[in-house]
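>>> Got a predicted model here, sequence first, then my questions.
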Protein chains: 2
Amino acid sequence: MNPVWKRVFHRLHRAPLISKRHQSGCAEHTSSSASTRSTSSKPRLLVSRLYQPASLRDVGQDSRLAGEMTCKSQRLMQQAGLIHPFNPGCYFYLPATVRSMEKLVRVIDQEMQGIGGQKLDMPSLCSADLWRTSERWDLMGKELLRLKDRHGADYCLGPTHEEAVTTLVAHQATLSYRQLPLLLYQITRKFRDEPKPKFGLLRGREFYMKDMYSFDVSEEAARQTYETVCQAYIQLFTRLGLRCVQVQADTGNIGGTLSHEFQLPTDVGEDRLLLCENCSFSANVETLSSSTTNCPQCKTGALVESKGIEVGHTFYLGKKYSSVFKATFSNPQNKPVVTEMGCYGLGVSRILAAAIEVLSTDEGIRWPGLIAPYQVCVLPPKKGSKVEEAAVLAEELVDCLGEVLPRLRGEIVLDDRTQMTIGKRLKDASRLGYPYVIVVGEAALQKPPTFEVICQQTGETLFLSKDGLLDLLGKVETV
Amino acid sequence: MNPVWKRVFHRLHRAPLISKRHQSGCAEHTSSSASTRSTSSKPRLLVSRLYQPASLRDVGQDSRLAGEMTCKSQRLMQQAGLIHPFNPGCYFYLPATVRSMEKLVRVIDQEMQGIGGQKLDMPSLCSADLWRTSERWDLMGKELLRLKDRHGADYCLGPTHEEAVTTLVAHQATLSYRQLPLLLYQITRKFRDEPKPKFGLLRGREFYMKDMYSFDVSEEAARQTYETVCQAYIQLFTRLGLRCVQVQADTGNIGGTLSHEFQLPTDVGEDRLLLCENCSFSANVETLSSSTTNCPQCKTGALVESKGIEVGHTFYLGKKYSSVFKATFSNPQNKPVVTEMGCYGLGVSRILAAAIEVLSTDEGIRWPGLIAPYQVCVLPPKKGSKVEEAAVLAEELVDCLGEVLPRLRGEIVLDDRTQMTIGKRLKDASRLGYPYVIVVGEAALQKPPTFEVICQQTGETLFLSKDGLLDLLGKVETV
């Protein structure tokens, strides 16, 4: 007997009180919904009404995608009506994707605010002067999208905001050492003129990024903050159920002296990583000389190559930007001292696509449960089938689940496309990856009613009473 | 006796049971917080740690603001550390503003989803070809921010997305009449190259806008949808406590045949409205001929002029875009028919600033209660004062409020800057506009303790017991 079954079985023979409460809650709701079925004040989410156009042109036939390489997550997301191509590297995020993104943003907010991060929002239009001051206007080359305003002034669309945030902090004449560490972050749309946008949301020209910037009193304090942020990143990926490795990395055009990438190991990754067989050492290939074959840390372990998708990047910046823009604080002796900075990126839309890339099967999307667009899909029987009368039970089940488990309100959809067979709708549900699919069929008409539950993340199929179902779904984590 | 006092007074002599429950909840919490005061696992929000740099340069001294006209909301928001200028028409939104914006977005989401709106997210980079097809590439003139990518292709930063959303819908070959009305909306950053950005967030070059697009089977259905959206707008402004007038408007460069503006009447508004003294008629001056002096609706009423800030704009578009981009649906006879469209904008960041403009005093910000960044500020006594010992009570009060009123968790800040006098901190609290300011002073040391509560939105000052306070704050609406 699998553990979930065991718990459910145990519950069924154990908890008359809770079961009674559930039953009464549902019964109450059922009677009210029966009397007002057609004009229910609690609208059910109906699959037929969700804008998830799965019949958009096939990827292979769309000429605008020519030149863009595809990968599993891009293919699955387009087929399922989650994204739709607009320009090279620019996508429509369709409603289910927006739901998932909003959940991901909430998880990131929780983790960043949990370590004292404060959320702000910086302009996209950054003046060329600012970027010339940091000497990045020329350094960034063609990746920077540049434009002129009506007065002829030069701007770029900021792909990152070290210059902007440092001038902001520099403007505060009275910043005190007591206010540090100061951690400011934003989650906004960023722009990068990729030479060859590809892999859907994995490498686009428009994407969502979380960028955080830290200001500290000393190098020691800054390194402590750096470590705290890295721990928060690891916790974030743990909560999402994603295996992530933190690898030593190059500082690139951001600068600074210490840098790590957070990589999800996978076959389609564009980054090449070297992981030590013996110890915890791991690094991006580009940081090691090509002659390195043994681990530089334990000296004995062989280095094994793996591919990865970079989903986060951290930099210890020191005074690189703060000295240029004069971002100072007052020390206890009331003297101005230049702050020590760090910066920390997370590719938000990239995390979403990368998670789909690593978790999905070839046929269907599998989400990190916490950020699935909807948690539950309920399938009533086909119209005209022998068990058609179970359709009412399906509707009642949806209402009941929302009533008894308030956290799942808005998370349960009813696949009302009852002109389609259960099999066809199950296939769609598998493609879309709802964590729980509940089939309301013949068994639901038995006394007591039984429901077939497909747990798409584990691949298990369970047959549960209503109480068993409530027990199982009551444990679903939401954000 | 004012009504709140009356209720509170009544409660105090009436409800030992509820009072006991409250007391036990608080007492429980108090004892645990007393034992773990310094290492509390529930961090309190401390004013000293909030990034709200009120000491940023004065508006008048900042050369980058030269040429930008200022108004009350801009001045108050900059002084309070809510926004900071970056480029002309581009602002940093500081953390308190982001909190308020996120709340406003949630209210808008509720209203739009309440009428069936589905949220998506469209790219900012729009290809010139698309805008040439609708003939708006030239029409938009210098307001459109234009750029070239590394391959020399022309793009604009979309200030509005009729072209984009219509092509999206047109791509779905199988859109059925059963799926209509289809209402798609987004809340994203938009760009407009204003000749003279001014008034802070009221007229910027970067701003947040909610833009919704509707697709219907017929003109009749489309007009019904138009009416539904207008009603949702009116409900939104009612929930925010803002007086809003819906006026007949010009269709401008969006096009279509029917249009309304949603205006907040105020002195600094850039729009001139004519309101009928007799009936409900109201219109933007630009829609009437200059010779019109009597109301065109009731024919008798005189038209009175008022200024207003446009916060929303609705357009019935008909087939203007859907015929160009061939956005069709299948009718019951399975024949393709061109959809009837509408589009509906709300200036999200503008609503925030306009609300501050119309509600605030000259000295302090007043928010729509629902979207105030924080609901409550608790002021402990000055360090070294006679009643310093009440400081512990202030901390306990903050913890207790969060415990008993879970909805207020994260909404209560403690002004721990106890080196400052109560008077000075009260002045700051007034500038920032927390709806409720609680002074924990001498009266809190009495048996039973009494708290001074300043309700900044009504201007009332109340003296309440802890129960009275819980009663008052339990009624605060949050989102």
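Right, received. Where do you want to start? Residues are numbered from 1 along each chain as shown, chains lettered A, B, ... in the order given.
>>> gap between the two ends of stretch A:52-71?
20 Å (C-alpha to C-alpha, to the nearest Å).
>>> Check stretch A:290-309 too.
21 Å.
>>> May I see the buried residues of it?
Residues of stretch A:290-309 classed as buried by neighbour count (16 or more other C-beta atoms under 10 Å in any protein chain shown): A:295, A:301, A:303, A:306, A:308-309. In short, each C-beta sits where N, CA and C put it, glycine included.
>>> residues in contact with it?
For stretch A:290-309, contacts defined as C-beta atoms under 8 Å, 6 or more residues apart in numbering or on different chains pick out A:202, A:245, A:247, A:261, A:263-281, A:285, A:288, A:350, A:354, A:357-358.
>>> can you list the residues of the stretch 201-350 of chain A near chain B?
Within reach of chain B by C-beta under 8 Å from any C-beta of the partner chain, the stretch 201-350 of chain A has these residues: A:205-206.
>>> pLDDT below threshold where in the stretch 201-350 of chain A?
Applying pLDDT under 70 to the stretch 201-350 of chain A picks out residues A:254-255.
>>> mind listing what the residue of it found nearest chain B touches?
Per C-beta to the nearest C-beta, the residue of the stretch 201-350 of chain A with the smallest distance to chain B is residue A:206, at 5.2 Å. The contact partners of residue A:206, by C-beta under 8 Å, 6+ apart, come to A:89-91, A:189-191, B:123-125.
>>> rerun at 10 Å
By C-beta atoms under 10 Å, 6 or more residues apart in numbering or on different chains, the contact list for residue A:206 reads A:86-87, A:89-91, A:145, A:157, A:189-192, A:197, A:349, B:121-125.
>>> Equivalent analysis for residue A:87, please.
Counted by C-beta under 10 Å, 6+ apart, residue A:87 has contacts A:64, A:197, A:204-206, B:123, B:125-127, B:129-130, B:149, B:153, B:155, B:164.
>>> ok, 8 Å please
Residue A:87 neighbours (C-beta under 8 Å, 6+ apart): A:64, A:205, B:123, B:125-127, B:155.
>>> again with residue A:203
A:89, A:194, A:197, A:270, A:350.
>>> Can you report phi and psi for it?
The phi/psi pair for residue A:203 (degrees, to the nearest 10) reads phi -140, psi 80.
>>> Compute the distance between it and residue A:267, please.
Distance of residue A:203 to residue A:267, computed by C-beta to C-beta, to the nearest Å: 16 Å.
>>> Ok, residue A:159 next?
For residue A:159, the distance to residue A:267 - C-beta to C-beta - is 27 Å.
>>> Which of the two has more residues huddled nearby?
residue A:159 (20 against 12; other C-beta atoms under 10 Å in any protein chain shown).
>>> Which helix or which strand is home to the residue located most distally from the centre of chain A?
Centroid-distance maximum for chain A: residue A:333 at 44.6 Å, with C-alpha atoms, centre = their mean. Assessed by DSSP states H and E, residue A:333 sits outside every helix and strand.
>>> Kindly report the same for the one 4 residues further on.
Counting by DSSP H and E, the element that carries residue A:337 is strand A:336-338.
>>> got it, and residue A:126?
strand A:125-127.
>>> Mind giving me the packing neighbours of that strand?
strand A:154-157, strand B:83-87 (3 or more C-beta pairs under 8 Å, 6 or more residues apart in numbering or on different chains; DSSP states H and E).
>>> need those strands in a markdown table with mean pLDDT, can you?
Converted to a markdown table, these look like this (pLDDT from 0 to 100):
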| stretch | mean pLDDT |
| --- | --- |
| strand A:154-157 | 97 |
| strand B:83-87 | 93 |
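>>> As a markdown table, these with distance to residue B:378 would be great.
Shown next, in a markdown table, are the helices and strands packed on strand A:125-127 (distance: least, C-beta to C-beta, whole Å):
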| stretch | distance to residue B:378 |
| --- | --- |
| strand A:154-157 | 42 |
| strand B:83-87 | 26 |
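>>> what's the closest of the ones you listed to residue A:111?
Residue A:111 lies closest to strand B:83-87 among the helices and strands packed on strand A:125-127, at 25.9 Å (C-beta to C-beta).
>>> still on that earlier bit, what comes up buried for the strand holding residue A:337?
Neighbour-count burial for strand A:336-338, counted by 16+ other C-beta under 10 Å, picks out residue A:338.
>>> I'd like to know which elements that strand is packed against.
Counting contacts by 3+ C-beta pairs under 8 Å, 6+ apart, strand A:336-338 packs against strand A:328-330.
>>> which stretches of the stretch 201-350 of chain A form strands?
Under the criterion DSSP state E, counting those that start in this stretch, the stretch 201-350 of chain A carries strands at the ranges A:206-216, A:245-248, A:258-265, A:271-276, A:282-284, A:303-318, A:328-330, A:336-338, A:340-347.
>>> I'd like these written out as CSV, with distance to residue B:141 added.
Formatted as CSV, the strands of the stretch 201-350 of chain A follow (distance: least, C-beta to C-beta, whole Å):
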stretch, distance to residue B:141
strand A:206-216, 25
strand A:245-248, 50
strand A:258-265, 45
strand A:271-276, 44
strand A:282-284, 47
strand A:303-318, 40
strand A:328-330, 44
strand A:336-338, 45
strand A:340-347, 36
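>>> closest to residue B:234 out of those?
strand A:206-216 (32.5 Å).
>>> and the closest one, which strands flank it?
strand A:182-191 (antiparallel), strand A:340-347 (antiparallel) (DSSP bridges).
>>> Deepest in the core, which of the ones you listed is it.
strand A:340-347 (a mean of 25; mean count of other C-beta atoms under 10 Å in any protein chain shown).
>>> the inter-axis angle of that one versus strand A:258-265?
In terms of direction (axes from the mean of the first three to the mean of the last three C-alpha atoms, to 10 degrees), strand A:340-347 departs from strand A:258-265 by 10 degrees.
>>> Can you check what angle separates strand A:340-347 from strand A:303-318?
130 degrees.
>>> Determine how far strand A:340-347 lies from the middle of the whole chain.
18 Å (C-alpha atoms, centre = their mean, to the nearest Å).
>>> before we move on, what about stretch A:304-321?
Relative to the centre of its chain, stretch A:304-321 is centred 19 Å away, using C-alpha atoms, centre = their mean.
>>> can you check stretch A:242-256 too?
Mean-position distance between stretch A:242-256 and its chain equals 19 Å (C-alpha atoms, centre = their mean).
>>> list the buried ones in that stretch?
A:242, A:244-249, A:251, A:254-256.
>>> Just name the closest of those to residue B:80, please.
Residue B:80 lies nearest to residue A:254 out of the buried residues of stretch A:242-256, by C-beta to C-beta, at 32.6 Å.
>>> So residue A:266 versus residue B:448, what's the distance?
Residue A:266 sits 63 Å away from residue B:448 when distances are taken as C-beta to C-beta.
>>> Sorry, slip of the keys, the one I care about is residue A:470.
Taking C-beta to C-beta, one finds residue A:470 at 44 Å from residue B:448.
>>> which one of residue A:266 and residue B:448 has more residues nearby?
Neighbours per residue, other C-beta under 10 Å: of residue A:266 and residue B:448, the larger number sits with residue A:266, 18 against 11.
>>> ok, that one touching residue A:353?
No: the criterion here is C-beta atoms under 8 Å, and residue A:266 misses it with residue A:353 at 11.1 Å.
>>> Up against chain B, what does the stretch 1-150 of chain A have?
So the stretch 1-150 of chain A meets chain B at A:48-51, A:53, A:55-57, A:84, A:86-87, A:90-95, A:97-99, A:101, A:116, A:118-127, A:142, A:145-147, A:149-150 (C-beta under 8 Å from any C-beta).
>>> and the strand or helix carrying residue A:394, what does it pack onto?
Assigned by DSSP H and E, residue A:394 falls within helix A:390-404. For helix A:390-404, the packing partners by 3+ C-beta pairs under 8 Å, 6+ apart come out as helix A:16-35, strand A:376-379, strand A:412-414, helix A:466-474.
>>> Which of the ones you listed comes out lowest on mean pLDDT?
Mean pLDDT per stretch puts helix A:16-35 lowest among these, at a mean of 37.
>>> tally of neighbours for residue A:70?
By other C-beta under 10 Å, the residues close to residue A:70 number 15.
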